[in-house]
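1. sequence unknown, structure follows:
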């Protein structure tokens, strides 16, 4: 079973940082989303630990069976119930009416958060489906990485699209919309053509993603100019702290763009080969020469290990 337990909480954590910035900068915007994502990230971190420590899955990412499973399972159930009760109790205080909620910038923000949440749900389903199949149908089913490539990868591309065109949306501070659109179209064409040619005119998906990534980087730099410039103009001992504080969210955005681009290149450029090798023999697989010196099965208290 291929499990993606740890990235589940990473996805909601990334969405939480985004909603947290919007909440802080717009006096309450996405307040409900921030609270729900905060609670979800905590509980999913516990859940990822539960998957890898309880022995409910058989995976290279698991650490074998331990007595921690029931304790963690009970803690997760209790935490989810308490979080739900807290939201219901404080609902009147955390609801927020935004007069700009129909603006395109607001729609773009919600789309980006929604995509991260959908990635989380898809990853969670791919992780849990083998457990459901085993419990309810008695079948052992392995969800391969191909599932995540087909389901999650398009969401990542769409995420880059929103990033790339965000300065062109209404209610954004673009002084000359036509000039900005023409410049972005030129950058997209140049990067797409260069990457497509570099890959021998065989990988248009990589060229598309890297072209969108280039536009996304431009969007991040464009959005960072005003807050960083404002921080640079401040005086006093806290000037550079203010600059770091203003720039840090945009480094996070750049990291996300780099991550999505790297995943795409890895998926397209992945090489898989299978071969047989006997003791004291060599084999060349994917350009790497391997020699098999020894092979043995070691029995541990909770598992067998083939080394």
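-> Looks like it arrived, so ask away. Everything numeric here is computed off the predicted structure, so don't read it as measured data.
2. What distance do you get for residue 207 to residue 284?
-> 31 Å (C-beta to C-beta, to the nearest Å). (C-beta placed from N, C-alpha, C; glycine too.)
3. Show me which of those two is the more surrounded one.
-> Per other C-beta atoms under 10 Å, whichever of residue 207 and residue 284 has more neighbours is residue 207, with 20 against 10.
4. wait, that one sits on residue 200?
-> No. Counting by C-beta atoms under 8 Å, residue 207 sits too far from residue 200 to count as a contact (11.1 Å).
5. Residue 125 sits in which helix or strand?
-> helix 104-132 (DSSP states H and E).
6. just for the chain, where's the confidence low?
-> Applying pLDDT under 70 to the chain flags residues 1-7, 21-29, 55-66, 96-108, 170-175.
7. show me where it has strands.
-> 282-285, 288-291, 297-299, 304-306 (DSSP state E).
8. With distance to residue 41 added, can I get the ones you listed in JSON lines?
-> Converted to JSON lines, the strands of the chain look like this (distance: least, C-beta to C-beta, whole Å):
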{"stretch": "strand 282-285", "distance to residue 41": "39"}
{"stretch": "strand 288-291", "distance to residue 41": "38"}
{"stretch": "strand 297-299", "distance to residue 41": "37"}
{"stretch": "strand 304-306", "distance to residue 41": "33"}
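9. Could you identify which of those strands is most buried?
-> strand 282-285 (a mean of 12; mean count of other C-beta atoms under 10 Å).
10. So which elements touch the helix holding residue 125?
-> With contacts taken as 3 or more C-beta pairs under 8 Å, 6 or more residues apart in numbering; DSSP states H and E, helix 104-132 sits against helix 5-25, helix 31-54, helix 145-165.
11. what about these, which gets the closest to residue 305?
-> The minimum distance between residue 305 and those falls on helix 31-54, with 16.3 Å, by C-beta to C-beta.
12. Report the angle between the closest one and helix 104-132.
-> Following axes from the mean of the first three to the mean of the last three C-alpha atoms, to 10 degrees, one obtains 20 degrees for the angle between helix 31-54 and helix 104-132.
13. can you give me how far helix 31-54 is from the chain middle?
-> Centroid separation for helix 31-54 versus its chain: 14 Å, with C-alpha atoms, centre = their mean, to the nearest Å.
14. what does stretch 264-272 give?
-> Relative to the chain's own centre, stretch 264-272 is displaced by 18 Å; criterion: C-alpha atoms, centre = their mean.
15. Okay, buried residues for it please.
-> 264, 265, 267 (16 or more other C-beta atoms under 10 Å).
16. same question, stretch 200-217
-> 203, 206-217.
17. Just put those in TSV and tack on distance to residue 35.
-> Below are the buried residues of stretch 200-217 laid out as TSV (distance: C-beta to C-beta, whole Å):
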residue	distance to residue 35
203	42
206	38
207	40
208	36
209	33
210	36
211	36
212	31
213	31
214	35
215	32
216	28
217	31
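18. Inside helices: which ones of the residues you listed?
-> 206, 207, 208, 209, 210, 211, 212, 213, 214, 215, 216, 217 (DSSP state H).
19. The last one: what's it in contact with?
-> Contacts here follow C-beta atoms under 8 Å, 6 or more residues apart in numbering; on that basis residue 217 touches 254, 257.
20. ok, now how distant is it from residue 188?
-> 12 Å.
21. what's the answer for the third one, then?
-> If you measure residue 208 against residue 188 using C-beta to C-beta, the figure is 9 Å.
22. Likewise for residue 134?
-> Taking C-beta to C-beta, one finds residue 134 at 46 Å from residue 188.
23. for this structure, what's the longest helix?
-> helix 239-269.
24. and that one, how far from the chain's centre?
-> Distance, centroid of helix 239-269 to centroid of chain: 12 Å (C-alpha atoms, centre = their mean).
25. And for stretch 77-85?
-> Worked out by C-alpha atoms, centre = their mean, stretch 77-85 lies 25 Å from the chain centre.
26. Give the burial count for residue 128, as a bare number.
-> Residue 128 - counted by other C-beta under 10 Å - has 17 other residues nearby.
27. Please apply the same query to residue 249.
-> Residues near residue 249, counting by other C-beta under 10 Å: 19.
28. so residue 142 touches residue 131, yeah?
-> No. Judged on C-beta under 8 Å, residue 142 makes no contact with residue 131 at a distance of 11.7 Å.
29. what does stretch 275-284 contact?
-> 285, 289, 290, 291, 292, 293, 294, 295.
30. looking at it, the first one is touching residue 291, isn't it?
-> No. Under the contact definition of C-beta under 8 Å, residue 285 does not touch residue 291, with a separation of 11.6 Å.
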